[in-house]
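K.L.:
Sequence first, predicted model second:
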Amino acid sequence: MDRFDTLQAFVRVVEAGSFTKAAQTLHVSKTTVTQLVQQLETRLRVKLLNRTTRQVKVTADGAAYYERVVRLLAELEDADTSLSSASASPRGRLRVDVPSPLALKILVPALPAFHARFPDIQLDLGVSDRMVDLIGDNVDCVLRGGELADSSLIARRIGELKLGVYASPRYIERAGMPVHPRELEDSHHRVVGFLSVRTGKIAPLVLHDRGERLEIQGRYVVALDDGNAYLAAGLSGMGILWLPRYMADAHVARGELVPLFDGWQSDPMPMYVAFPPNRHISAKLRVFIAWVGELMAHHAPIAPLAGSRRGKGAVATPIPRRPRRRKHAEASARGPAGTSS
C-alpha cells in the first residue's frame, strides 16, 4: 500500500467516525483500513485516533493532521485534472442524494442531456426523502427543499418551488368542495398528512391572502413520509394535498387534481444544493451544480428581488456556514415538495 492509500483511509475514518463505514465507502475490508491507519501512525510515530469498542475519536494531533491532509488530497486532485483533459471533460464518480418526487418528475428525465454533455461522469443517485449524513455516507452533495436545519453545510440556492392546494375529483365528490382554508380545521374535510423525517410531526399548511395568514394543521386519516406516496394518496381521494406545481400540473391538466382556494397563496419553498464545508469542490461536482441550477431555473426559477439585476432563475452564490463535523443534511418540515424534512 502506498502513502496515498494510508492518507485516504485515515481521512475516511475521521469523516465516517468508524472503521467499518470507512471500509464500506472505500470498497475494501475493515482489516485493510485498520492496517493502513496503523501503518500511518507507525510512520509518523504519533497516535492519530483513539479507538474503543463503540467509537473512534480523533486525537488533537490527528485533528490537526486531518485538516492538512484534506487540503493536500484536494490539491492533488486539482493537479491531476489540470494536467489532463478532465479539466475540459470532468470525469469520475459523483454521489448525489435527491428527494424522490424531484428525481421522478425533473432530474431523472433530464439525465440523458447531462450524460451527453459529461459522458465521463459516473453518477450514483440516491433517491430518498430521508436525512443523509453527507460525510459519514460519503455523499458529495444533496438536493433539498426548505430551509436547511444544518448550519454546518455550504448551501447554494438553485430554485424556488411554487406551491398550491389540491384535491382529487373523487374526494370532492365524496366530501364536497371546501371554499375557505379554515374548513380544513373545523369540518368533515381531511388532509393527507406529510410526516417530517426529522421531527416525526405533520407539516402544517401555511397560506396568506391580502394580509391574512393562516397556519392549518388539518385532520388526516393517513400520513406518509414519501413525496410520491403522498401524491398517490391524494390522487386516490384520501384527502386534500399541499403540493409544488411541478408535481401537480400534469395531474391538473388531465383532470386528476383540482386547485383549491383561489386567491390564497403559500410562500415559495427554496431549493438548495448542499455539500460539506471540508469537501473539495471537484470539477465534476462543480459542473453538476451548474447543470442542476440550469435545470431548476427552467422548472422552478428564483424570483428576482425588487431592484435586483439578478436574472430570472439565476443561481445564488454559495452560503458559507459554520463548520461542524458529522452532521446530517436536514431540511425544514414544510411538506412533500422535495424535502428531507
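P.N.:
The structure has been received and is ready for your questions.
K.L.:
for this protein, what helix or strand is lowest in average pLDDT?
P.N.:
For the chain, the helix or strand with the lowest mean confidence is helix 60-82, at a mean of 78 (criterion: mean pLDDT, DSSP states H and E).
K.L.:
what does the helix or strand that that helix is followed by rub up against?
P.N.:
As assigned by DSSP states H and E, the chain's next helix or strand after helix 60-82 is strand 92-98. Residues outside strand 92-98 that contact it (CB atoms under 8 Å, 6 or more residues apart in numbering): 86, 107, 120-128, 132, 138-143, 282, 284-285, 288, 329, 338. Where you see a C-beta, it was placed from the backbone N, CA and C, and this is true even at glycine.
K.L.:
and what of stretch 101-109?
P.N.:
So stretch 101-109 is contacted by 98, 125, 127, 143, 145, 227-228, 231, 244, 246-247, 292, 295-296, 299, 336-338 (CB under 8 Å, 6+ apart).
K.L.:
Narrow those residues to those in strands?
P.N.:
Val98, Leu125, Val127, Leu143, Gly145, Pro244 (DSSP state E).
K.L.:
sorry, back to before: now, of the contacts of strand 92-98, which are buried?
P.N.:
Neighbour counting over those (16 or more other CB atoms under 10 Å) leaves 86, 107, 121, 123, 127, 132, 138-143, 282, 284-285, 288, 329, 338 as the buried ones.
K.L.:
May I see the buried residues of stretch 178-192?
P.N.:
Buried residues in stretch 178-192 (16+ other CB under 10 Å): Pro178, Pro181, Glu183, Leu184, His189, Arg190, Val191, Val192.
K.L.:
out of the ones in strands among the contacts of stretch 101-109, who's nearest Ile154?
P.N.:
Leu143 (13.8 Å; CB to CB).
K.L.:
picking up where we left off before, show me what the least confident helix or strand of the chain is packed up against.
P.N.:
With contacts taken as 3 or more CB pairs under 8 Å, 6 or more residues apart in numbering; DSSP states H and E, helix 60-82 sits against helix 3-16.
K.L.:
Pull out the buried positions in the helix or strand following the helix it packs on.
P.N.:
Following helix 3-16 in sequence order, the next helix or strand is helix 19-26 (DSSP H and E). Judged by neighbour count (16+ other CB under 10 Å), helix 19-26 contains these buried residues: Phe19, Lys21, Ala22, Ala23, Gln24, Thr25, Leu26.
K.L.:
So which residues of the stretch 201-341 of the chain form strands?
P.N.:
For the stretch 201-341 of the chain, applying DSSP state E, counting those that start in this stretch gives strands covering 205-209, 212-216, 220-224, 241-244, 258-259, 269-275.
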